[in-house]
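Q: All I have is the shape, not the residue letters:
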């Protein structure tokens, strides 16, 4: 994605409030170029870096870590020959990479925009150097990153492989076909597709290619013994554990195809997924500890996105207080635990996901799997899962939780009585304030790393449109809390009153009063004021500058003391 000159011009005034580095992302970078030689080197490196991602724009002539438009926007003092610069990049990057340059004037200063339009990654310089964009950083193109690029481009997809099996239909599991027909019927697949015989159905769903069975078809619906022979890395294991080393029951494992494995694992989970009964008027709703739709989506993701080229099985570990799914193969295509909810769809096994599973409608092209997992948990007032990358394994952890009835009442009020639509981001923020009651901008930003503009829009919507939040202060010093209306619905009026912010002078008086009795740590002050770390720091520094208190020690164990002249009063 490249940025238009108009978009760049709309961003530049923001440099009065923040540094350019904060505006950078996967598709946008700012660079200062004092010399033409430096411009050539940077242009080549950034072109390769963005070319190995999804493209983007580099703005030359802006300092990355200086605040203020006048200081940050320095422009270029020289006028390079753009045709010659383009020719230099054309000759020094392999394969050839489409790059476009254009000038942009701002306040009498001349900026140079470079737009990168990738088409055939991976790219390197002709001397063999390469970089790849991750977030707003360019990292050296190592072997593992090169592999990710090839997977992203579909150049190394083992699931598209045609298998040397003479009679492909005999390699298909009848149990899997029955499950497939049942699933397709339940989601309303076309009648003419359901009427096909097994051979035609497998062909139309992409299991077969040119009449031969593909690895994807075998993984989705193949017989165990054929999978053991042709896809030996496909295996799963379910363990019910008391501790990390003690089993509740003997583990269950197998080489079943994905359709059969999902059925077996969900059956095992159903036997160990306790229900919580929640009264609602004349009815009593039941909610499993782990929402079925969330577990199914997570399991399907584990099989669909694992790395089938490396040994290892999909491990499902079911503890008394949590549920873990471990899948071989790390994240790919720039996906991280932090951005997985909002990242564009990326798949390692393109043929399996985009042809076979998409045709069976077990997955969707819109990348709704992860949001669906989050929504299923958040709608019951439960913590969303934690995603971790440990070596070459992705682990998803679901905490064991009961449904939060007051939170469900709040959501019901918003959706049914107010007619509001809540997306996953709204649910995340409401759940955050359900737990925290009050938080400053930095706390919210740390918990939910949206871009600042999106986060402000979400907070404003929850405050002005839904009346669920209120705030005091401005800018990054603003503090947000649940509104009285939200707290009343949650039956937490008392908690609401206790978390109201004391005014600044009242807080100072309270601190000085407590210091007469004993010294205090920063953590003590945060606990009784319900203020954030930075807010407490500023207040204590003000009291120190007024010569009322002093500090002994460093770090978390440091103590604040009242000056002796005051302690005697």
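A: On my side now, so go ahead. What you see is a predicted model, and the numbers here were worked out from it, not measured in a lab.

Q: Just checking, which helix or strand of the chain averages the lowest pLDDT?
A: helix 493-498 (a mean of 40; mean pLDDT, DSSP states H and E).

Q: helices or strands up against the helix or strand following it?
A: Going down the chain from helix 493-498, the next helix or strand is helix 504-515, by DSSP states H and E. Applying 3 or more C-beta pairs under 8 Å, 6 or more residues apart in numbering; DSSP states H and E, one finds that helix 504-515 contacts helix 522-529, helix 533-545, strand 559-562. For the C-beta atoms, the positions are set from N, CA and C on the backbone; glycine is no exception.

Q: I'd like the domain boundaries of this structure, if you could list them.
A: 5-141, 417-498, 504-567 (automatic domain parsing).

Q: Do me a favour and average the pLDDT over the longest one.
A: This means domain 5-141. Average pLDDT, domain 5-141: 92.

Q: Determine how far the last residue of that domain lies from the first.
A: The first and final residues of domain 5-141 sit 30 Å from each other (C-alpha to C-alpha, to the nearest Å).

Q: quick one: it to chain centroid distance?
A: Centre-to-centre, domain 5-141 and its host chain are 26 Å apart (C-alpha atoms, centre = their mean, to the nearest Å).

Q: Including distance to residue 396 and mean neighbour count, could the domains of the chain go into a markdown table?
A: Listed next are those as a markdown table, based on distance: least, C-beta to C-beta, whole Å; neighbours: other C-beta atoms under 10 Å:
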| stretch | distance to residue 396 | mean neighbour count |
| --- | --- | --- |
| domain 5-141 | 21 | 17 |
| domain 417-498 | 16 | 16 |
| domain 504-567 | 30 | 14 |
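
Q: Go through those and name the closest to residue 391.
A: Closest to residue 391 of the domains of the chain is domain 5-141 (C-beta to C-beta; 17.7 Å).

Q: sorry, back to before: looking at the helices and strands packed on helix 504-515, spot the one closest to residue 332.
A: helix 533-545 (35.9 Å).

Q: helices or strands next to that closest one in the packing?
A: By 3+ C-beta pairs under 8 Å, 6+ apart, helix 533-545 packs against helix 504-515, helix 522-529, strand 549-552.

Q: between these, which one is nearest to residue 175?
A: Closest approach to residue 175 among the helices and strands packed on helix 533-545 is made by helix 522-529 (57.8 Å; C-beta to C-beta).

Q: Quick one: mean pLDDT for the closest one?
A: Helix 522-529 comes out at a mean pLDDT of 77.

Q: since we're on the nearest residue to residue 262 once chain neighbours are set aside, how many residues are nearby?
A: Closest residue to residue 262 apart from its sequence neighbours, by C-beta to C-beta, 6 or more residues apart in numbering: residue 299 at 6.0 Å. For residue 299, the count of nearby residues is 22 (other C-beta atoms under 10 Å).

Q: Tell me the helices and strands packed up against the helix or strand hosting residue 7.
A: Counting by DSSP H and E, the element that carries residue 7 is helix 5-11. In terms of contacts (3+ C-beta pairs under 8 Å, 6+ apart), helix 5-11 is packed against strand 99-106, strand 109-116.

Q: Endpoint to endpoint, stretch 92-106 covers what distance?
A: 31 Å.

Q: next one: stretch 27-40
A: Terminal-residue distance, stretch 27-40 (C-alpha to C-alpha): 20 Å.

Q: ok, now how distant is residue 317 from residue 203?
A: Note on residue 317: its distance to residue 203, by C-beta to C-beta, to the nearest Å, is 38 Å.

Q: Ok, residue 90 next?
A: 45 Å.

Q: For residue 45, which residues are in contact?
A: 131, 138 (C-beta atoms under 8 Å, 6 or more residues apart in numbering).

Q: measure residue 87 to residue 344 for me?
A: Taken as C-beta to C-beta, the span from residue 87 to residue 344 is 33 Å.

Q: Now do the contacts for residue 145.
A: 132, 139.

Q: host element of it?
A: Element membership of residue 145, judged by DSSP H and E, is helix 143-152.

Q: Show me which parts of the following helix or strand past that helix are buried, residue by residue.
A: The helix or strand immediately downstream of helix 143-152 is helix 174-186, counting by DSSP H and E. For helix 174-186, burial by neighbour count (16 or more other C-beta atoms under 10 Å) applies to 176, 177, 179, 180, 181, 183, 184.

Q: Excluding covalently adjacent residues, which one is nearest to the third one?
A: Among residues not flanking residue 179 along the chain, residue 259 sits closest, at 4.7 Å (C-beta to C-beta, 6+ apart).
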